[in-house]
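J.: Okay, here's the prediction I keep looking at, along with the sequence it came from:
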Amino acid sequence: MKGSLIIVGFFILGIAAGLSGMVPESIIDGDLTFYALCALLLCVGIGIGSDRNIVTKFKSLDVRMALLPLGTALGTFAGSLVVSFILSGRSPLDCLAVGSGFGYYSLSSIFITEYKGAELGTIALLANIIREMVTLLLSPVLAKVFGPLAPISSGGVTSMDTTLPIIMASSGEQYSAVSIFHGFILDFSIPFLVTFWCTL
Amino acid sequence: MFTVISFMLGGVVIGALLRKRDCSWTSKAITVLIWLLLFLLGVEVGGNTKIIAALPVLGLDALAISVASILGSCVCAWLLWRYIQKRRKA
């Protein structure tokens, strides 16, 4: 929670700096963002590649539970697609790209800004923050209405860390392995999916 | 555009090679880089009067997309759960 607030804080700080006109144009227009993004993805990759425990944790899962990330992705795409017909300013591809963040508001907004501009990037930021918040607040309700896998699906990527505690409380501790696996698979797929929808 | 993804894949390879070493510095690096990038995104948004003016609309768009995505995911989760239950009982 504290980590999320700090990240949003930097975003707001940036807005304040941008509004004040203090930041020189050269920083915004330059390649700093691109280099930082590459460095970020490099670190994300190293973090994934160096994790020794991941494979052993996953071997204990019921095979059909492993379909959950696919279900989350398909459900998200279906929802995003349908809503794009209602939203006048947003194309279906825009909405699909935003949805593909699966709650990872920092990475998805950064990617989408790079490909499609700051406006859609801001929507992606807000939409994925909302996704994480809704999961944190409504997991017990979701579990009652849609079953124990629903809070995991709702959390998207965050099911492996930020929303894991509330998921375990709402669905049961036995779902921790599915939850982490689910988040991990989506985490890995986000760069591909967002890029896919943005470059179509 | 695919340069960025190849950095991630390259990182995975490097990480796999570095398994014997301690790679915990990556989470701190990731956090700091995210702070920087979100700050820069904020600067870009703040300097763009059109976006600032449209922020309420953007917020509504974001709410619509997130609610629709969550509902879609929950329905699929429910369907998968039902499917797993059936197989268990049979």
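T.: Noted; the coordinates are in hand.
J.: Kindly format the C-alpha coordinates of the host helix or strand of B:A16 as PDB.
T.: B:A16 belongs to helix B:3-17 when assigned by DSSP states H and E. What follows is helix B:3-17 as a C-alpha-only set of coordinates in PDB (Å, rounded to 0.1, in the frame of the first residue of the first chain):
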ATOM      1  CA  THR B   3      13.800  -3.200 -28.600                       C
ATOM      2  CA  VAL B   4      12.100  -2.800 -25.200                       C
ATOM      3  CA  ILE B   5      10.800  -6.400 -25.000                       C
ATOM      4  CA  SER B   6      14.200  -7.700 -26.100                       C
ATOM      5  CA  PHE B   7      15.700  -5.900 -23.100                       C
ATOM      6  CA  MET B   8      13.400  -7.900 -20.900                       C
ATOM      7  CA  LEU B   9      14.200 -11.200 -22.600                       C
ATOM      8  CA  GLY B  10      17.900 -10.400 -22.400                       C
ATOM      9  CA  GLY B  11      17.400  -9.700 -18.700                       C
ATOM     10  CA  VAL B  12      15.800 -13.100 -18.200                       C
ATOM     11  CA  VAL B  13      18.800 -14.700 -19.800                       C
ATOM     12  CA  ILE B  14      21.200 -12.700 -17.700                       C
ATOM     13  CA  GLY B  15      19.200 -13.400 -14.600                       C
ATOM     14  CA  ALA B  16      19.300 -17.200 -15.300                       C
ATOM     15  CA  LEU B  17      23.000 -17.000 -15.700                       C
END
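J.: The following helix or strand past that helix to helix B:3-17, inter-axis angle?
T.: Going down the chain from helix B:3-17, the next helix or strand is helix B:25-46, by DSSP H and E. Calculated by axes from the mean of the first three to the mean of the last three Cα atoms, to 10 degrees, helix B:25-46 forms an angle of 160 degrees with helix B:3-17.
J.: tell me what helix B:25-46 is packed against?
T.: helix A:2-20, helix A:25-29, helix A:32-49, helix A:105-116, helix A:118-146, helix B:49-89 (3 or more Cβ pairs under 8 Å, 6 or more residues apart in numbering or on different chains; DSSP states H and E). Bear in mind the C-beta positions are built from the backbone N, C-alpha and C, glycine included.
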